[in-house]
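[1] Quick one: sequence plus predicted model below, questions after.
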Amino acid sequence: QVQLVESGGGSVQPGGSLRLSCAASGRAFGSYAVGWFRQPPGKSREFVARASFSGGRTDYADSVQGRFTISRDNAKKMVYLQMNSLKPEDTAVYLCAASMRLTAGGYDADYWGQGTQVIVSS
């Protein structure tokens, strides 16, 4: 079992930056791929970024490639999402996820955080 708690969301102007954090508990954290998803207002949840169990391999949605960076610290059981050059369309609830897997419908996960709100607006 893994419990996930996100923090770092807030309001920012277009072009600004935010860093999301996700604190994990559970003994097997280091053996799971982890990542971030988001759910924009009135839309379905979508994949944002993924990091392998070691953090050595990462994967991003096309919409955030080059602007967002995922990282993890297994010793601290933390996952981070650095978000730069934010756009209004990045507005969403961002969810941390663990034990990610690739399915026919895209990435999914076994464990989820509650989410943190990000609003990008002038």
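    It's in.
[2] Setting aside sequence neighbours, what's the nearest residue to the residue nearest the centre of the chain?
    Centroid-nearest residue in the chain, with CA atoms, centre = their mean: residue 36, separated by 2.1 Å. Leaving aside its sequence neighbours, residue 36 sits nearest to residue 48 (CB to CB, 6 or more residues apart in numbering; 4.3 Å). For glycine as for every other residue, the C-beta is placed from the backbone atoms N, C-alpha and C.
[3] May I have the predicted confidence score for that neighbour?
    Looking at residue 48, its pLDDT stands at 98.
[4] so what secondary structure elements neighbour the helix or strand that contains it?
    Using DSSP states H and E, residue 48 maps to strand 46-51. Where contact means 3 or more CB pairs under 8 Å, 6 or more residues apart in numbering; DSSP states H and E, strand 46-51 is packed against strand 34-39, strand 58-60, strand 68-73, strand 78-83, strand 106-112.
[5] Longest strand in this protein, by number of residues?
    strand 92-103 (DSSP state E).
[6] Could you list every helix and strand in contact with that one?
    For strand 92-103, the elements it packs on are strand 3-7, strand 18-25, strand 34-39, strand 78-83, strand 106-112, strand 116-120, judged by 3+ CB pairs under 8 Å, 6+ apart.
[7] Mind listing residues that contact it?
    2, 4-6, 9, 20, 22, 24, 26, 29, 32-41, 43, 45, 48, 50, 79, 81, 107-118 (CB atoms under 8 Å, 6 or more residues apart in numbering).
[8] Could you identify which of the helices and strands packed on strand 46-51 is most buried?
    strand 34-39 (a mean of 24; mean count of other CB atoms under 10 Å).
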